[in-house]
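# Sequence and predicted structure are below.
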Amino acid sequence: MNAQIQPDLGRRRALSEWLESVGASLDLSETRLEQARKSYEAVGAWLAGGTHPWLADAVITAHGSTALGTAITPLAGDEFDVDAMVHLPRAIGAVRPRHAKAVVGARLAEDARYRQMLEEKGRCWRLVYAREFHLDLTPSIGPASPPPPAVLVPDKALDCWLPSNPAGFREWFNRRAALQSAMA
């Protein structure tokens, strides 16, 4: 009976080691992640320095795979995706999503470097750091900073705000990941 179990355990161990090596090869280097972090923090500082009242106290935070620690090397091309929210705590009341997005885009376009990198997307602005990464900046509103877990983000048509909770999702994901690690 042990003779039948041992080869199965050996194959499982080999498969597990192979999957770990494949996963490690897809991981982004700490250098690339740090470069992206510094870039989005610089963008956040630039936005918060704008003269439009909605930009006062603007806060930029990563969300998506970068915030979760699951960002990977792209299979095609060099650019990986960095998603960030531009939280506008001063944009309150009847602020329309298209107006909040326009304010963010106008401020980005004031900087010559950002203007050259800037691409408009459906509900966000993209800054393309060629052959490195692209930074998608989605405006969000909600109570004053620091941003609460729950915020409002534009729908794809920019007609209304939709609830989102990237911080809450990150907390849930990290709790689940910790459970998985404890079970392994």
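Cool, the structure landed.
# Need the three-state assignment for residue 90.
Counting by DSSP: H, G, I helix; E, B strand; the rest coil, the backbone at residue 90 sits in coil.
# Return the residues in contact with it.
53, 54, 55, 56, 57 (Cβ atoms under 8 Å, 6 or more residues apart in numbering). All C-beta atoms are positioned from the backbone trio N, CA, C, and that covers glycine.
# Could you pull out the helices in this structure for me?
For the chain, the helices defined by DSSP state H occupy 2-26, 30-48, 65-68, 97-109, 112-117, 166-183.
# other SSEs contacting the last one?
Right, the one you point to is helix 166-183. Helices and strands touching helix 166-183, by 3 or more Cβ pairs under 8 Å, 6 or more residues apart in numbering; DSSP states H and E, are strand 59-63, helix 65-68.
# send the alpha carbons of it over as CSV?
Coordinates of each C-alpha in helix 166-183 appear next as CSV, following Å, rounded to 0.1, in the frame of the first residue of the first chain:
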residue,chain,number,x,y,z
PRO,A,166,-11.4,48.4,-3.0
ALA,A,167,-10.0,48.7,0.5
GLY,A,168,-12.7,46.4,1.9
PHE,A,169,-12.0,43.9,-0.9
ARG,A,170,-8.3,44.1,-0.2
GLU,A,171,-8.9,43.3,3.5
TRP,A,172,-11.2,40.4,2.6
PHE,A,173,-8.6,39.1,0.1
ASN,A,174,-5.8,39.3,2.7
ARG,A,175,-7.9,37.4,5.3
ARG,A,176,-8.7,34.7,2.8
ALA,A,177,-5.0,34.4,1.7
ALA,A,178,-4.0,34.1,5.4
LEU,A,179,-6.5,31.3,5.8
GLN,A,180,-5.1,29.5,2.8
SER,A,181,-1.5,29.9,4.0
ALA,A,182,-2.5,28.5,7.5
MET,A,183,-4.1,25.5,5.8
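# how far out from the middle of the chain is it?
On the basis of Cα atoms, centre = their mean, to the nearest Å, helix 166-183 sits 17 Å off its chain's mean C-alpha point.
# now the angle from it to strand 59-63?
Interaxial angle, helix 166-183 versus strand 59-63 (axes from the mean of the first three to the mean of the last three Cα atoms, to 10 degrees): 40 degrees.
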